[in-house]
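Asks: What follows is a predicted structure for the sequence shown.
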Amino acid sequence: STSTNSTTITSVTTIVSTATTLATTTVNTATTSAATAASTATTGK
């Protein structure tokens, strides 16, 4: 029972960690894209 709980906790932690990483990456990418677009619009290049 203990090993099962331990495995479940590890799995959940991994899933949450992965989801957090993906979310962070997505936000960073979106921010970068927005900044690039704004820069492009401002400079006209």
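Replies: Thanks, I have it.

Asks: make it CA atoms for all contacts and neighbour counts henceforth
Replies: Fine.

Asks: tell me, how many neighbours does Thr32 end up with?
Replies: By the criterion of other CA atoms under 10 Å, Thr32 has 12 neighbours.

Asks: show me the contacts for it.
Replies: Listed by CA atoms under 8 Å, 6 or more residues apart in numbering, Thr32 has no contact partners.

Asks: host element of it?
Replies: Using DSSP states H and E, Thr32 sits in helix 2-43.

Asks: so where's the chain uncertain?
Replies: Where the chain drops to pLDDT under 70, the residues are 1-2, 45.

Asks: Recalculate using a threshold of 80.
Replies: For the chain, the stretches flagged by pLDDT under 80 are 1-4, 45.

Asks: neighbours of Ala37, just the number please.
Replies: Residue neighbour count, defined by other CA under 10 Å, stands at 14 for Ala37.

Asks: from the chain's centre, how far out does the helix holding Thr32 sit?
Replies: 1 Å (CA atoms, centre = their mean, to the nearest Å).

Asks: what do you get for stretch 25-45?
Replies: Per CA atoms, centre = their mean, the centroid offset for stretch 25-45 relative to its chain is 18 Å.

Asks: C-alpha coordinates for that stretch, PDB please?
Replies: Extracted as PDB, the C-alpha positions of stretch 25-45 are listed here (Å, rounded to 0.1, in the frame of the first residue of the first chain):
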ATOM      1  CA  THR A  25       7.500  27.600 -21.800                       C
ATOM      2  CA  THR A  26       4.200  28.500 -23.500                       C
ATOM      3  CA  VAL A  27       4.000  31.800 -21.600                       C
ATOM      4  CA  ASN A  28       7.600  32.700 -22.400                       C
ATOM      5  CA  THR A  29       7.100  31.900 -26.000                       C
ATOM      6  CA  ALA A  30       4.000  34.000 -26.200                       C
ATOM      7  CA  THR A  31       5.700  36.800 -24.400                       C
ATOM      8  CA  THR A  32       8.700  36.700 -26.800                       C
ATOM      9  CA  SER A  33       6.400  36.500 -29.800                       C
ATOM     10  CA  ALA A  34       4.400  39.500 -28.500                       C
ATOM     11  CA  ALA A  35       7.600  41.500 -27.800                       C
ATOM     12  CA  THR A  36       8.900  40.600 -31.300                       C
ATOM     13  CA  ALA A  37       5.700  41.600 -32.900                       C
ATOM     14  CA  ALA A  38       5.600  44.900 -31.000                       C
ATOM     15  CA  SER A  39       9.200  45.600 -31.900                       C
ATOM     16  CA  THR A  40       8.500  44.800 -35.500                       C
ATOM     17  CA  ALA A  41       5.500  47.000 -35.600                       C
ATOM     18  CA  THR A  42       7.400  49.900 -33.900                       C
ATOM     19  CA  THR A  43      10.500  49.700 -36.100                       C
ATOM     20  CA  GLY A  44       8.600  48.800 -39.200                       C
ATOM     21  CA  LYS A  45      11.000  46.000 -40.000                       C
END
